[in-house]
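A.B. asks: The sequence and its predicted three-dimensional model are supplied below.
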Amino acid sequence: MDKYIIKGTKKLLSLARTKIRLAEESETIECRPKPLPLVKLLSGKEINTVADAKQYREDLLRGIDFSNSRDVASTVLQSMDIIEGVKYKFEPEEFLANIDEKEMRSIEREAREKSLPVNLLLMTKTAPEGLNIFIGYKRPEGTTFLSAVPTTLSHFLNFAFNSDYLSQNLKLKNIRSFLGHRTLILNAIHFSLGEFGAELRDET
């Protein structure tokens, strides 16, 4: 396992701990949505409250097998889900998901009708042709802005795993991930998308 992927995964788990602490300080009780959908999908666990999330994050940290790429990828996606599920009270709007299920469904419909992939742009400077969902600060022209932060991808991934056009048996399809600016967390997320079936590309 690449050491930078390991570091990125650990950083996500650490970020989840921080967001849980901030949620506790802002007196957040319940996760939103509940139960956390990716956690339930990938592990079968029902995480409904911040207290549940706190305990489950500890379980993930203790149980992760860094020699198992699928286990690492699953931990990354579940950590993203935990972060997004507890932060809704205290995060600025730009750090929350700016696309709702209705808009995701519209993107999926267009992709299906035109037989196109959905491109996930992780802090890229440019955008390829096609249907593009952008995560980052400077949105390229012709893209749909999801959020400034990459953990919000958990919302789209939950949608994708429940779409027969974008996945089959927990394996993503018709999805491409483009990695632009490199950070430990972005590297780990990009890697994890690939482990779950997305086509991986570096921005050139």
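C.D. replies: Yep, that arrived.

A.B. asks: Can you spell out which helices and strands pack onto the helix or strand harbouring Lys10?
C.D. replies: Per DSSP states H and E, Lys10 falls inside helix 3-25. On a contact count with 3 or more Cβ pairs under 8 Å, 6 or more residues apart in numbering; DSSP states H and E, helix 3-25 meets helix 50-63, helix 69-86, helix 184-195. All C-beta atoms are positioned from the backbone trio N, CA, C, and that covers glycine.

A.B. asks: quick one: average pLDDT of the first one?
C.D. replies: Spelled out, it's helix 50-63. In this model, helix 50-63 has an average pLDDT of 97.

A.B. asks: what does the shortest one give?
C.D. replies: If you average the pLDDT over helix 184-195, you get 98.

A.B. asks: quick one: low-confidence parts of this protein?
C.D. replies: 204 (pLDDT under 70).

A.B. asks: show me what contacts Met123?
C.D. replies: Residues in contact with Met123 (Cβ atoms under 8 Å, 6 or more residues apart in numbering) are Ile135, Gly136, Tyr137, Pro150, Gly180, His181, Thr183, Leu186.

A.B. asks: returning to what we had before: any chance of the helices and strands packed on helix 3-25 in a markdown table, plus distance to Glu129 and mean neighbour count?
C.D. replies: Compiled in a markdown table, these are given as follows (distance: least, Cβ to Cβ, whole Å; neighbours: other Cβ atoms under 10 Å):
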| stretch | distance to Glu129 | mean neighbour count |
| --- | --- | --- |
| helix 50-63 | 38 | 17 |
| helix 69-86 | 28 | 25 |
| helix 184-195 | 20 | 22 |
